[in-house]
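Asker: Pasting the sequence and the predicted model now:
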Amino acid sequence: ARTGAGNNSSPVNTPISPVANLSTVKTASPSPVAAGGTVTYTIVVNNAGPSAADGAIFTDALPANLTAFTGVTCGSPTGAAACPSVANTTTALMTGAGIVVPTLPSGGSVTFTVTGTAGTSGSINNIARILTPVGVADPDDPARTGAGNNSSPVNTPISPLSTVSGTVFNDVNGLTDTTVNGTGTQAGSTNLTAYLVDAAGNVVGSSPVAAAGTYSIANVPNGTYGVVLSNTAGIAVGSPAAPSLPAGYVNTGEGLLPAGDGSVNGTIPSVVVNNADVTGANFGIEQPPLAQNNTNAPQPNPGATTQAPVAATSFTTNATDPNGGTITGYLIPTFPTGADSITINGTNYTPATFPVGGVTVPAAQIGSITVDPSGSGTGPASVVIPFRPVDNAGIPSATTYTATVPFGAASTVSGTVFNDVNGLTDTTV
């Protein structure tokens with residue numbers, strides 16, 4: 001029949017050994033990671049075939065400098081691949097016998113996301129592996145040890161946590177010496193706090209200011225921050241912090257440089273932490289001078305355009321600068337009321353010529369001011385001079401005080417000249 005029957009045919013059965021070329025691609029974020037921070041690994045497991053690798057085993061042993069794995073998930077399957085159930089996707093399995101991928105056809109992939117907690121220093125060398133199931137060969141990993149592209153090591157540096165510290169100074173001379181300095185102070189307030197803030201101005205760390213004026217904000221990751229001095233304690237992480245001071249205090253300067261940052265506002269805007277502690281983030285504050293409203297004893301109105309002196313005590317009585325400062329001058333911020341002119345530092349001013357912003361009189365010359373009361377007569381009048389004492393930080397008092405100079409009517413002296421023929425023989429003029 002010529003059909004190839006009998007020994008005219010010779011059948012041979014050749015088994016096909018399945019081969020699957022598996023690989024992993026792993027990334028870490030963030031890198032570097034802050035000490036004690038969370039690092040997230042993304043591991044994509046691919047099967048380049050030609051055979052399926054159903055039952056492939058995913059492992060990731062806990063490396064040095066990673067204190068613990070905190071979670072693992074599987075997702076984003078492609079090419080008809082399938083992730084294991086949640087119950088079969090655990091860190092215990094991942095670091096032990098392995099997580100079994102139930103379905104991984106040729107051309108398929110799944111993605112594992114693994115999180116962990118960084119240690120305090122060094123780096124984390126994490127190696128994830130994918131192994132073919134028993135009976136399926138991998139050309140890159142014939143011994144099924146995770147060799148070749150079946151493993152994906154990633155080295156993640158750990159950024160050590162740093163501290164940001166400084167001192168709050170009672171800086172009675174301000175920046176007149178081009179330096180933020182003085183005696184450390186808490187300004188009498190246990191609420192005074194230094195806050196570390198992010199670019200949005202929200203709190204990421206804090207430290208109370210000690211009685212000696214020092215503060216130290218610990219556990220700061222690398223990054224760029226601001227430091228805000230505030231008299232509000234207990235502002236929560238993630239909430240905004242605004243600069244403020246105890247009542248009666250003002251800022252005189254702040255910054256990382258001795259001369260400050262150029263802006264006197266209670267905030268150091270750019271503090272860069274890069275694997276090292278930051279010191280000398282200092283603040284200067286002080287109490288402005290104080291005085292009182294004073295009224296002179298009345299004096300005769302000189303009349304016409306004659307100037308009358310203004311006693312130094314009109315300004316200096318009970319004028320003081322707290323906490324060791326000195327009063328160096330007196331600011332006359334606006335033209336006095338009740339006057340036609342005033343002479344300050346040898347210059348005569350009228351309402352039309354008085355400078356915007358006022359005139360400052362050195363403390364040593366405060367007794368040289370003279371005024372011309374309004375009008376040309378010699379009747380009663382009153383000149384009221386506004387003033388603010390200025391201290392050796394160049395800061396005037398917060399309050400504007402007044403020196404009142406009253407003038408009474410000019411007095412007359414009268415009498416009679418007699419032709420007194422008998423002189424004083426009668427004991428009478």
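Answerer: Right, received. Where do you want to start?
Asker: Let me know how buried residue 37 is, in neighbour terms.
Answerer: Per other C-beta atoms under 10 Å, the neighbour tally for residue 37 reads 15. All C-beta atoms are positioned from the backbone trio N, CA, C, and that covers glycine.
Asker: Would you confirm that it contacts residue 220?
Answerer: No. Using C-beta atoms under 8 Å, residue 37 makes no contact with residue 220, being 11.7 Å away.
Asker: Name the residues that touch stretch 20-31?
Answerer: Counting by C-beta atoms under 8 Å, 6 or more residues apart in numbering, stretch 20-31 makes contact with 37, 39-53, 56, 104, 106, 124, 126, 128-132, 136-141, 149-154, 156-157, all of which sit outside it.
Asker: I'd like the mean pLDDT over it, please.
Answerer: Per-residue pLDDT over stretch 20-31 has a mean of 96.
Asker: do stretch 303-319 as well
Answerer: 94.
Asker: List the buried residues of it.
Answerer: 303, 307-312, 314-316, 319 (16 or more other C-beta atoms under 10 Å).
Asker: now, among those residues, which is nearest to residue 279?
Answerer: Nearest to residue 279 among these is residue 319, at 38.2 Å by C-beta to C-beta.
Asker: Spatially, and excluding backbone neighbours, which residue is closest to that closest one.
Answerer: Of all residues not flanking residue 319 in the chain, residue 291 sits nearest, at 4.1 Å (C-beta to C-beta, 6 or more residues apart in numbering).
Asker: isn't that neighbour right up against residue 389?
Answerer: Yes. Look at residue 291 against residue 389 with C-beta under 8 Å: they come within range, at 5.0 Å.
Asker: where do the contact lists of these two overlap?
Answerer: Contacts common to residue 291 and residue 389, judged by C-beta under 8 Å, 6+ apart, are 315, 319, 397, 401.
Asker: Mind picking the two most distant members of these?
Answerer: Across the shared contacts of residue 291 and residue 389, no pair lies farther apart than 315 and 397, at 11.3 Å, counting by C-beta to C-beta.
Asker: Now the common contact residues for the two.
Answerer: Common neighbours of residue 315 and residue 397 (C-beta under 8 Å, 6+ apart) are 291, 389.
Asker: For the stretch 251-400 of the chain, which segments count as strands?
Answerer: 267-273, 282-286, 294-295, 299-300, 308-309, 327-332, 339-344, 347-349, 359-362, 370-373, 381-391 (DSSP state E, counting those that start in this stretch).
Asker: what residue ranges in the stretch 201-350 of the chain score low on pLDDT?
Answerer: In the predicted model, the stretch 201-350 of the chain carries no residue with pLDDT under 70.
Asker: let's go with 90 and repeat that
Answerer: Residue ranges of the stretch 201-350 of the chain with pLDDT under 90: 221-223, 274-276, 301-305, 323-324.
Asker: where along it do the helices fall?
Answerer: 313-316 (DSSP state H, counting those that start in this stretch).
Asker: and of the shared contacts of residue 291 and residue 389, the nearest to residue 420?
Answerer: Comparing the shared contacts of residue 291 and residue 389 against residue 420 with C-beta to C-beta picks out residue 315 as the nearest, at 52.1 Å.
Asker: what about the closest one, distance to residue 403?
Answerer: 6 Å (C-beta to C-beta, to the nearest Å).
Asker: Which residues are in contact with each of these two?
Answerer: 294, 387.
Asker: Beta-bridge partners for the closest residue to residue 281 other than its chain neighbours, please?
Answerer: In this structure, residue 281 finds its nearest non-sequential neighbour in residue 166, 3.6 Å apart by C-beta to C-beta, 6+ apart. Counting by DSSP bridges, residue 166 is bridged to residue 215.
Asker: Hmm, residue 279 and residue 166 touching each other?
Answerer: Yes. Here residue 166 reaches residue 279: they are 7.0 Å apart, a contact under C-beta under 8 Å.
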